[in-house]
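*Asks:* Quick one: sequence and predicted model below, then my questions.
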Amino acid sequence: MSVPVVKNYPVRFLRRFLSRKRLVVFETGVGVKYRFGRFDSSRFSEYVIQEVPFTSTGLHFSELVIPLDLLRNRYTSCGRALLQSAHFRLMEEIENGTLTPDSEYISRCKLGTLDARLPFSPELEYLTRRYQLQKEELLQGKTVTIFVIQASLRDKPTYIIADGKHRAALVAYLDRPELLRIRLLSNAFAQDPFFQQVYSYTLGLDPREYSINQEMIKVILNES
């Protein structure tokens with residue numbers, strides 16, 4: 001008996017493939033991870049309520065902070081100032097020619113402690129080329145845009161970088177605030193099924209391990 005096909009793929013294969021693409025959230029030794037169904041960062045544009053030059057906000061780069069990374073407290077960078085982050089140190093090391101396989105950024109990528117992504121091994125040459133290209137564009141006056149969430153974290157006004165940590169780190173390292181634009185997000189983005197599932201899962205974990213990320217989730221959801 002023949003198997004029905006769609007574009008030369010057996011239907012049973014397509015069903016199995018599509019089922020594997022559903023979001024799967026799970027816990028590891030370093031924190032929460034997920035497979036498939038990732039939120040497309042370009043969709044943040046749907047939730048922008050205002051776009052302004054960074055220089056018009058009166059903020060300093062030190063007031064930009066790293067967002068949720070879903071990692072256990074002992075590994076997390078959640079809420080850490082951008083200027084104290086692995087992303088900022090990456091820019092310093094590339095510029096100074098001191099980036100190595102043992103650098104913090106690279107080590108975090110390999111261990112899965114950079115963010116919620118699974119472990120991966122970035123190529124140093126690629127990172128360096130990317131840095132040089134973006135640096136050249138900035139020095140020519142190109143502006144960059146990041147998405148941020150304005151919130152009060154531990155009773156302090158804070159801008160959480162929802163998307164654009166590397167771009168923000170480069171602009172901050174070059175000390176060119178006039179080249180940065182920020183797009184303020186409504187917290188309505190958190191109603192997306194992806195965030196609902198990830199946030200719900202993380203909030204249900206042991207607060208002794210995840211209190212730092214859990215605190216930020218509650219701030220974003222206005223539940224603090």
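*Replies:* Okay, I see it. Numbers count the residues shown, from 1 in each chain.

*Asks:* beta partners for the residue positioned nearest the centre of the chain?
*Replies:* Central residue of the chain (CA atoms, centre = their mean): residue 163, 5.5 Å from the mean position. For residue 163, the beta-bridge partners under DSSP bridges are residue 147.

*Asks:* How confident was the prediction at it?
*Replies:* We note a pLDDT of 96 for residue 163 in this prediction.

*Asks:* Now do it against residue 45, distance only.
*Replies:* In this view, residue 163 and residue 45 are 10 Å apart by CB to CB, to the nearest Å. C-betas here are computed from N, CA, C, even on glycine.

*Asks:* hmm, back to that, my read is that the residue nearest to the centre of the chain contacts residue 41, right?
*Replies:* Yes: at 4.6 Å, residue 163 and residue 41 qualify as touching, with contact defined as CB atoms under 8 Å.

*Asks:* Distance across stretch 200-209, terminal residue to terminal residue?
*Replies:* End-to-end distance of stretch 200-209 (CA to CA, to the nearest Å): 15 Å.

*Asks:* check contacts around the residue nearest to the centre of the chain.
*Replies:* Residues in contact with residue 163 (CB atoms under 8 Å, 6 or more residues apart in numbering) are 41, 44, 146-147.

*Asks:* ok, now with 10 Å
*Replies:* 39, 41-45, 67, 145-148, 183, 185 (CB atoms under 10 Å, 6 or more residues apart in numbering).

*Asks:* now do residue 168
*Replies:* 54, 61, 64, 66, 82-83, 85, 87-88, 144-146, 148, 159, 161, 180, 182.

*Asks:* Just give me the longest helix of this protein.
*Replies:* helix 124-139 (DSSP state H).

*Asks:* number of nearby residues for residue 55?
*Replies:* Residue 55: 12 surrounding residues under other CB atoms under 10 Å.

*Asks:* I'd assumed residue 61 was in contact with it.
*Replies:* No: counting by CB atoms under 10 Å, residue 55 sits too far from residue 61 to count as a contact (11.2 Å).

*Asks:* Give me the common contacts of the two.
*Replies:* 177, 180.

*Asks:* Quick one: the strands in the protein, in order.
*Replies:* Along the chain, counting by DSSP state E, strands occupy 5-6, 9-10, 24-27, 32-35, 48-53, 64-65, 144-153, 156-163, 180-185.

*Asks:* Tell me which of these sits most buried.
*Replies:* Counting by mean count of other CB atoms under 10 Å, strand 64-65 has the highest mean neighbour count of these, with a mean of 26.

*Asks:* And that strand, how far out from the chain middle?
*Replies:* Using CA atoms, centre = their mean, to the nearest Å, the mean C-alpha position of strand 64-65 is found 12 Å from that of the whole chain.
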